[in-house]
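Enquirer: Coordinates for the following, if possible.
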Amino acid sequence: MLNFMWKNIAVVFLMMFMCVGANAQVNKNHLKRKYAEVGTYGGVGYYGNAHYAFGVNMQYTWGIGSKKQHSNIGAGVRMQSFFTKDRYYKTSSVELAQLNRGGADTLFFNKIQNNTLNIYLTFQIHIKRGADIYFNTDIGGINFGGRKNGNFVSYETNPDFFTGNPNFPVVYSTQPYAFNLNLANNSYGTIMSEVYGSFSITELLGWRIGAQYYRNEYVTVQEVPYNGKRFSQNNWMATVGLTFNVRQHRTIYDDLR
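Expert: So this is what the prediction gives:
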């Protein structure tokens, strides 16, 4: 399912850039539909226990096409804080995880808080005035967060990896992976993809509702045998928030052209 989702995202952005190339031949004097928004939002999900996030974003999109511009492309930046507790993070490397016959090894964290600043690409479909659908995915960025101890749990029987006594687990010091880079199934750090609808309340204010797919990763200070240093977890979240149209007066002019 995840491979299918990433392939779909890749196809969307490939089509998006093809449209940009074709659109480069359009008369430079033609008026483009443009949108500039600032937003604030919150997200919540559940996987064994609750996880949630808060964030802010800024984005700018440009119309595609020479006449009726029903779609836009653009970019943005967002800062998001993610919170959860009592979570198992799996070995990030698929190759190393396959060495364990019982499944991927894990690090257990009592509490997680991770802060991320990422740049993202966005694709906008204009339904009608005041109603739009957005698809976006992070390109990369940086993480902020302190060190945490993770309890290592191995599905192998080798005592070097797990003491066998849950009261005395092997503990590794970790920290959020410093840099984020979207490489589909082999991504590094914290990466988020999102789809949401945006609906105007006034010319300035609107609301948004959608879903987020969030990947979060921690790296151990010391390498874990047969697991490397990277441990990650993927989460779904429902999200709702507010948007502010920075180009409110110019957007009205674009719509009436």
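
Enquirer: Describe which strands the host helix or strand of residue 135 pairs with in its sheet and in which direction.
Expert: For residue 135, the host element (DSSP states H and E) is strand 131-144. Its sheet considered, strand 131-144 pairs with strand 106-128 (antiparallel), strand 179-181 (antiparallel), strand 191-200 (antiparallel) by DSSP bridges.

Enquirer: Need the ones you listed in CSV (columns: distance to residue 52).
Expert: C-betas here are computed from N, CA, C, even on glycine. Formatted as CSV, the strands paired with strand 131-144 follow (distance: least, Cβ to Cβ, whole Å):
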stretch, distance to residue 52
strand 106-128, 11
strand 179-181, 20
strand 191-200, 14
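
Enquirer: follow-up on the earlier one: please tell me how far the strand holding residue 135 is from the chain's geometric centre.
Expert: Its chain's C-alpha centre and that of strand 131-144 lie 6 Å apart, by Cα atoms, centre = their mean, to the nearest Å.

Enquirer: Could you list the buried residues of the following helix or strand past it?
Expert: Tracing the chain C-terminally past strand 131-144 and defining elements by DSSP H and E, one meets strand 148-153 next. Going by neighbour count (16 or more other Cβ atoms under 10 Å), the buried part of strand 148-153 is 148, 150, 151, 152.

Enquirer: ok, now stretch 204-222?
Expert: Residues of stretch 204-222 classed as buried: 206, 208, 210, 212, 213, 214, 215, 216, 217, 218, 219, 220 (neighbour count, 16+ other Cβ under 10 Å).

Enquirer: Stretch 83-95 too?
Expert: Within stretch 83-95, the residues that qualify as buried are 84, 87, 88, 89, 90, 91, 92, 93, counting by 16+ other Cβ under 10 Å.

Enquirer: so what's the last one up against?
Expert: Going back to what we said before, that points to residue 93. 227, 228, 230 (Cβ atoms under 8 Å, 6 or more residues apart in numbering).

Enquirer: Okay, and which of these map to strands?
Expert: Judged by DSSP state E, strands contain the following of the contacts of residue 93: 228, 230.

Enquirer: Most neighbours out of the contacts of residue 93, which is it?
Expert: residue 227 (25 neighbours; other Cβ atoms under 10 Å).

Enquirer: any idea how far the residue lying closest to that one once chain neighbours are set aside is from residue 62?
Expert: Excluding the flanking residues, the one nearest residue 227 by Cβ to Cβ, 6 or more residues apart in numbering is residue 91, at 4.7 Å. According to Cβ to Cβ, to the nearest Å, residue 91 stands 41 Å off from residue 62.

Enquirer: in the protein, which spans are helices?
Expert: Taking DSSP state H to define them, one finds helices in the chain at 2-23, 94-97, 248-255.

Enquirer: So residue 128 versus residue 197, what's the distance?
Expert: 12 Å.

Enquirer: how about low-confidence regions in the stretch 1-150 of the chain?
Expert: 1-32, 66-67 (pLDDT under 70).

Enquirer: Residue 140 touches residue 118, doesn't it?
Expert: Yes. With contact defined as Cβ atoms under 8 Å, residue 140 reaches residue 118; the gap is 6.5 Å.

Enquirer: and those two? which has more neighbours close in?
Expert: Taking neighbours as other Cβ under 10 Å, residue 140 and residue 118 compare with residue 118 leading, 25 against 17.

Enquirer: ok, now which ones touch the more buried one?
Expert: So residue 118 contacts 77, 78, 80, 138, 139, 140, 141, 142, 180, 190, 191, 192 (Cβ under 8 Å, 6+ apart).

Enquirer: At the geometric centre of this protein, which residue do we find?
Expert: The centre of the chain sits closest to residue 192, judged by Cα atoms, centre = their mean, with a distance of 0.6 Å.
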